[in-house]
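Participant: Build me a structure from this.
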Amino acid sequence: MGTKYIFITGGVVSGLGKGITASSLGRLLKNRGYKVINQKFDPYINVDPGTMSPYEHGEVFVTDDGAETDLDLGHYERFTDVNLTKNCSITSGKIYQNVLNKERRGDYLGKTVQVIPHVTNEIKENIYSFEGEDVDVVITELGGTVGDIEGLALLEAIRQVGLEIDSEDVVYIHVTLLPFISGSCELKSKPTQHSVKDLQSLGIKPDILVCRSEIEIPEDIRKKLALFCNVRPENVIPNLTASNLYEVPLMLEKQGLARAVCKKLNLDRLEPQNEEWEKMIDNIKNLSGTVKVALVGKYMQLQDSYLSVAESLRHGGFANGVKVEVGFIDSEGINDENVKEILGEYDGILVPGGFGNRGIQGKISAIKYARENNVPFLGICLGMQMAVVEFARNVLGMEDADSAEFNIHTKNPVIHIMETQKGVTSKGGTMRLGSYPCKIKKDTLAYEIYGEENINERHRHRFEYNNDYKEKLEEAGLICSGTSPDGNLVEIVEYRNHPFFVAGQFHPEFKSRPDRPAPLFKALIKACVRTKK
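Facilitator: Predicted coordinates for the structure are as follows:
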């Protein structure tokens, strides 16, 4: 069997759940025994989301190979449990950068460089990049909506793919909105009709419509959409609001999405093996008790900035049989005087990653409160660094202890930027991105949590624990329980005189799955349950 291609586009408005649809379909095909990989094309001109404000685009998801990617890749990995790569997140900016680099090298032999064929060929190279690999189905999601000027080259490229390969090897799915007009109590199909018309005008005929709706779609509306949009009635798939995000695959299974895709692609494994996923959903629906965890961050205007962290906390709840309520707390509003008032109701505290000095003092106050009041605490990346700063200030008495990221002149840079091999400090040269190994010391909380000595976790940072202060910090009780294999880089710290106080330089949320939570999140929620007021 050759590689099959699924293209998912969006219409009417953004934010309809194309990513969840792509992720759910990936899970349903995987449950039929097919090897699936998800890919996302974003139309914006940024080369990647790495330098974008979290308020613009939510979190930056990091892959094992160090790519800074769209947050939808987090959905893909959580649903399909497939570790993705840099080839799975492509922007128009990256496409144009590659084309211009080729033009400068003379690869086009002096020809006039145009959107067609040069830009579209570059896009298709990325689509076809999984040919020859152990992949049965490539699911490609196009960001934005049909009609966006930035996305026209992407749509043209996937149109060409439909001509270049056999018709039974490609399927086009269009995710669209059926708005509900409360005044007349009816669903309106006209926006979907217009969106499909726009798509057809670009040469793409959708095979399947996934219709986002807040209410059940009446049969007459489905027939009307099928007639006006030139699709089979059974290929008009309702996508209703689910009680839980992870229930969407089963809901779409019931509506016939995966079966319709298999028929179009001539895939013969029509019956799924969804039993394990169904067991997980049953477990989620039968959670008893609630744990409240404060997520103390600095990008709170857009909660998607901490999407993977929040989902990982919920995963930890699934494993411990409890529902996790995540409180999104703006660290800019916290200080030593009001911290108890703000955080006193929570069973656990998590301080996540971030960049820049805004809201840092609030994070330090939250960490101090957790440490002094025996509240289970987990620090991630910047949260780990601030745990070290807080400990140095308030336990060791180093009042000016700080990270060199925020105070280059501090006399006690307990967090600093490492030197390059030539002895020159360079921010660009010291960024750690992607998966790195960590060696855990035995007889530590970290070893108890992970149950093994050697692990790998994903990173996204450039400042590190300063080993010059290691001896003093450990003597006072802040133990370095995980390091790089050579011992030079501190990866995990923990405070032993506490029910649960642990922090990692890495981002464990990127590897957490609903049916296999990241160990640190599972352990945090377990500690919250144990110490719950």
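Participant: switch to C-alpha atoms for all contacts and neighbour counts from now on
Facilitator: OK.
Participant: tell me the secondary structure for the residue most central in space within the chain?
Facilitator: Central residue of the chain (Cα atoms, centre = their mean): residue 74, 2.7 Å from the mean position. Put simply, residue 74 is helix when judged by DSSP: H, G, I helix; E, B strand; the rest coil.
Participant: got the contact list for it?
Facilitator: Contacts were defined as Cα atoms under 8 Å, 6 or more residues apart in numbering; by that measure residue 74 touches 61, 308, 510.
Participant: what residue ranges in this structure score low on pLDDT?
Facilitator: Scanning the chain for pLDDT under 70 picks out 419-430, 533.
Participant: how close does the most far-flung residue of it relative to its centre get to residue 102?
Facilitator: Taking Cα atoms, centre = their mean, the residue of the chain most remote from its mean C-alpha position is residue 110, at 41.0 Å. Distance, residue 110 to residue 102, by Cα to Cα, to the nearest Å: 11 Å.
Participant: swap in residue 180?
Facilitator: Residue 180 is 49 Å from residue 102, by Cα to Cα.
Participant: now residue 393
Facilitator: 52 Å.
Participant: before we move on, back to that, now do the contacts for the residue farthest from the centre of the chain.
Facilitator: residue 103.
Participant: got the phi/psi numbers for it?
Facilitator: phi 80, psi 0 (degrees, to the nearest 10).
Participant: What is the neighbour count of the nearest residue to residue 126 once chain neighbours are set aside?
Facilitator: Nearest non-adjacent residue to residue 126, counting by Cα to Cα, 6 or more residues apart in numbering: residue 87, 6.8 Å away. When neighbours are defined as other Cα atoms under 10 Å, residue 87 has 15 of them.
Participant: Kindly report the same for residue 340.
Facilitator: So residue 340, with other Cα under 10 Å, has 17 neighbours.
Participant: so what's it closest to, chain neighbours aside?
Facilitator: Residue 340 sits nearest to residue 369 (Cα to Cα, 6+ apart), 7.3 Å away.
Participant: Quickly note the distance from the one you found to residue 291.
Facilitator: With Cα to Cα as the criterion, residue 369 and residue 291 are 18 Å apart.
Participant: And for residue 127?
Facilitator: The value you get for residue 127 to residue 291, if Cα to Cα is used, is 43 Å.
Participant: which residues of the stretch 51-200 of the chain fall in strands?
Facilitator: 61-62, 68-69, 89-91, 137-142, 170-177, 180-181, 186-187 (DSSP state E, counting those that start in this stretch).
Participant: and the fifth one, what does it pack onto?
Facilitator: Put plainly, it is strand 170-177. strand 4-10, helix 190-201, strand 208-213, helix 257-264 (3 or more Cα pairs under 8 Å, 6 or more residues apart in numbering; DSSP states H and E).
Participant: Show me how far it is from its chain's centre.
Facilitator: Centroid displacement of strand 170-177 relative to its chain, using Cα atoms, centre = their mean, to the nearest Å, is 22 Å.
Participant: Also the fourth one?
Facilitator: Relative to its parent chain, strand 137-142 has a centroid offset of 17 Å by Cα atoms, centre = their mean.
Participant: list the buried ones in stretch 179-197?
Facilitator: Judged by neighbour count (16 or more other Cα atoms under 10 Å), stretch 179-197 contains these buried residues: 179, 187, 189, 191-193, 195-197.
Participant: what's across from residue 434 in the sheet?
Facilitator: residue 459 (DSSP bridges).
Participant: was I right about it contacting residue 63?
Facilitator: Yes. Residue 434 lies in contact with residue 63 (Cα atoms under 8 Å); the separation is 5.9 Å.
Participant: Now do the shared contacts for the two.
Facilitator: With Cα under 8 Å, 6+ apart as the test, residue 434 and residue 63 both reach residue 458.
Participant: more crowded one of these two?
Facilitator: Using other Cα under 10 Å as the criterion, residue 434 and residue 63 rank with residue 63 on top: 25 against 20.
Participant: The more buried one: what's it in contact with?
Facilitator: Taking Cα under 8 Å, 6+ apart, one finds 69, 83-86, 434-435, 458, 510 in contact with residue 63.
Participant: of those residues, closest to residue 499?
Facilitator: Relative to residue 499, the closest of the contacts of residue 63 is residue 510; by Cα to Cα it sits at 25.2 Å.
Participant: quick one: residue 333 and residue 496, what's the gap?
Facilitator: Counting by Cα to Cα, the gap from residue 333 to residue 496 is 29 Å.
Participant: typo on my end, it should be residue 284
Facilitator: 32 Å.
Participant: more crowded one of those two?
Facilitator: Set residue 284 next to residue 496 and count neighbours by other Cα under 10 Å: residue 284 wins out with 22 against 14.
Participant: Tell me if that one really is in a helix.
Facilitator: Yes. Counting by three-state DSSP, residue 284 is part of a helix.
Participant: Just confirm it contacts residue 319, I think it does.
Facilitator: No. Residue 284 is beyond contact range of residue 319, at 9.2 Å (criterion: Cα under 8 Å).
Participant: Measure how buried the residue lying closest to residue 30 once chain neighbours are set aside is and give me the count.
Facilitator: Leaving aside its chain neighbours, residue 30 sits nearest to residue 36 (6.3 Å; criterion: Cα to Cα, 6+ apart). Per other Cα under 10 Å, the neighbour tally for residue 36 reads 21.
Participant: Contact partners for residue 459?
Facilitator: Applying Cα under 8 Å, 6+ apart, we find residue 459 in contact with 62, 381, 432-436, 505-507.
Participant: now those as CSV including distance to residue 443?
Facilitator: Below are the contacts of residue 459 laid out as CSV (distance: Cα to Cα, whole Å):
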residue, distance to residue 443
62, 30
381, 23
432, 28
433, 29
434, 28
435, 25
436, 22
505, 20
506, 21
507, 23
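Participant: Pick the one among these closest to residue 344.
Facilitator: residue 381 (23.9 Å).
Participant: Backbone dihedrals for that closest one, both of them.
Facilitator: Dihedral angles for residue 381 - degrees, to the nearest 10 - are phi 60, psi -100.
Participant: May I have the residues that are in contact with the closest residue to it other than its chain neighbours?
Facilitator: Spatial nearest neighbour of residue 381, excluding adjacent residues (Cα to Cα, 6+ apart): residue 505 at 4.2 Å. Listed by Cα under 8 Å, 6+ apart, the contact partners of residue 505 are 380-382, 384-385, 459, 490-492.
Participant: Please repeat the previous calculation with a cut-off of 7 Å.
Facilitator: Contacts for residue 505 (Cα atoms under 7 Å, 6 or more residues apart in numbering) come out as 380-381, 384, 491-492.
Participant: next one: residue 37
Facilitator: Under the criterion of Cα under 7 Å, 6+ apart, the neighbours of residue 37 are 135, 137-139.
Participant: Secondary structure element holding it?
Facilitator: Applying DSSP states H and E as the criterion places residue 37 in strand 36-42.
Participant: Parallel or antiparallel, which strands does that strand pair with?
Facilitator: By DSSP bridges, strand 36-42 pairs with strand 89-91 (parallel), strand 137-142 (parallel).
Participant: and the ones you listed as TSV, adding distance to residue 277?
Facilitator: As requested, those are exported to TSV (distance: least, Cα to Cα, whole Å):
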stretch	distance to residue 277
strand 89-91	26
strand 137-142	20
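Participant: any chance of these in JSON lines, plus mean neighbour count?
Facilitator: Formatted as JSON lines, these follow (neighbours: other Cα atoms under 10 Å):
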{"stretch": "strand 89-91", "mean neighbour count": "25"}
{"stretch": "strand 137-142", "mean neighbour count": "24"}
